[in-house]
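Enquirer: My questions concern the predicted model and sequence given below.
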Amino acid sequence: MAQVTLGKAINTGLRAAMEGDSKIVIMGEDVGKLGGVFRVTDGLQKDFGESRVIDTPLSESGIIGTAIGMALRGYRPVCEIQFDGFVYPAYDQIVSQLAKIHYRSNGLCPMPVTVRIPYGGGIGAVEHHSESPEAYFAHTAGLKVVSPSNPVDAYFMIQQAIACNDPVIFFEPKRRYWEKADLDMSQTPVGLHDARIVRPGSDVTVVAYGPMVKTALDAAAAAEAEGRDLEVIDLRSMSPIDWPVLLGSVRKTGRLVVVHEASVFLGVGAEIAARVSERAFYSLEAPVLRVGGFATPYPPSRLEEDYLPDLDRVLDAVDRALAF
């Protein structure tokens, strides 16, 4: 068992998938010779060749459009969008075509395209390089939307995403690329869309995904010193959402705080709050509270720590939930 970073775990998962299926191709800007801006595809073009790891022009719309055509011919493309804020030129192709073809064809034309997107802040970058656009895609019927929070999930989830016959938007928390964990590649993974209770507790349920899971766990550790027992759930999938795990936890604790980097306005947390209020209303001891980014464009890098949700903001929400 070796310790690997989250970025290396995705690289290893991509390699394993490509070794098992010659129809898997990787395509994107600088994914080949450079190995990607974050070196996630490092070494893959050298080992699999330029016909399977393809350096594309700077055209996100062209990347996705080409991938759709290749998927219709039996390939399983893995597209990299270099940064989160660069996905918008491809949004038309993703929402108008990629998300709809499998349904439009009554299942006759599967669309096994994985779109990898490094997302979120925390690396000292600027707008277009630090955004969290997951709600746009989770809102779109026909797309699966997932995000790993740790190297183990990253290794297995990228392979599960590639194996899926529906398009998967695979959000990679760039601020966690260099965090390490022991990776046992022989273990049996949970399902791609299964949430996981990463810290059992009894007082408040804290739900997060991607980069905010570590923040939620840090908040739980700090709350424990004050005698408060937080249950932390790693959502892992934003579409579909694992409601049984989430609702089961809320029915136990009676309180829910949802944490994500994106703005709380019409975010994933808004859907979770609505569904939990509909399905577990009589179990709630307090309103569902949300912690997230502000409803502004991403700020200059020197201000990002004031913009991003942190331990103190999570603990403040926990305090307010417990005060009811």
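Expert: Looks like it arrived, so ask away. Numbering: from 1, shown residues only.

Enquirer: who touches the residue nearest to residue 21 when sequence neighbours are not counted in this structure?
Expert: Leaving out its chain neighbours, the residue that sits closest to residue 21 by Cβ to Cβ, 6 or more residues apart in numbering is residue 76, at 6.5 Å. Bear in mind the C-beta positions are built from the backbone N, C-alpha and C, glycine included. Counting by Cβ atoms under 8 Å, 6 or more residues apart in numbering, residue 76 touches 21, 23, 24, 25, 112, 113, 114, 162.

Enquirer: which among these end up buried?
Expert: 24, 25, 112, 113, 114, 162 (16 or more other Cβ atoms under 10 Å).

Enquirer: backbone phi and psi for the fourth one, please?
Expert: Just to be clear, that refers to residue 113. Backbone dihedrals for residue 113, given as degrees, to the nearest 10, come out at phi -110, psi 130.

Enquirer: now the strands for this protein?
Expert: Ranges of strands in the chain, per DSSP state E, are 2-5, 24-28, 53-55, 76-80, 114-119, 144-146, 168-173, 180-183, 196-199, 204-208, 230-234, 237-239, 256-263, 289-293.

Enquirer: in the third one, what's buried?
Expert: Spelled out, it's strand 53-55. For strand 53-55, by 16+ other Cβ under 10 Å, it's 53, 54.

Enquirer: got a pLDDT number for the nearest residue to residue 320 once chain neighbours are set aside?
Expert: Computed as Cβ to Cβ, 6+ apart, the closest residue to residue 320 that is not its neighbour in sequence is residue 289, at 6.1 Å. Looking at residue 289, its pLDDT stands at 98.

Enquirer: Roughly how far does residue 289 sit from residue 318?
Expert: 8 Å (Cβ to Cβ, to the nearest Å).

Enquirer: Out of the buried ones among the contacts of residue 76, flag the one nearest to residue 80.
Expert: residue 114 (9.5 Å; Cβ to Cβ).

Enquirer: these two touch, right, that closest one and residue 166?
Expert: No. Using Cβ atoms under 8 Å, residue 114 is not in contact with residue 166, being 10.1 Å away.

Enquirer: for this structure, which spans come out with low pLDDT?
Expert: 1 (pLDDT under 70).

Enquirer: what domains does the record give for it?
Expert: 2-183, 196-323 (automatic domain parsing).

Enquirer: can you list those domains in CSV and add distance to residue 189?
Expert: Shown next, in CSV, are those (distance: least, Cβ to Cβ, whole Å):
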stretch, distance to residue 189
domain 2-183, 4
domain 196-323, 11
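
Enquirer: returning to that earlier point: residues that sit against both of residue 289 and residue 318, list them.
Expert: residue 257.
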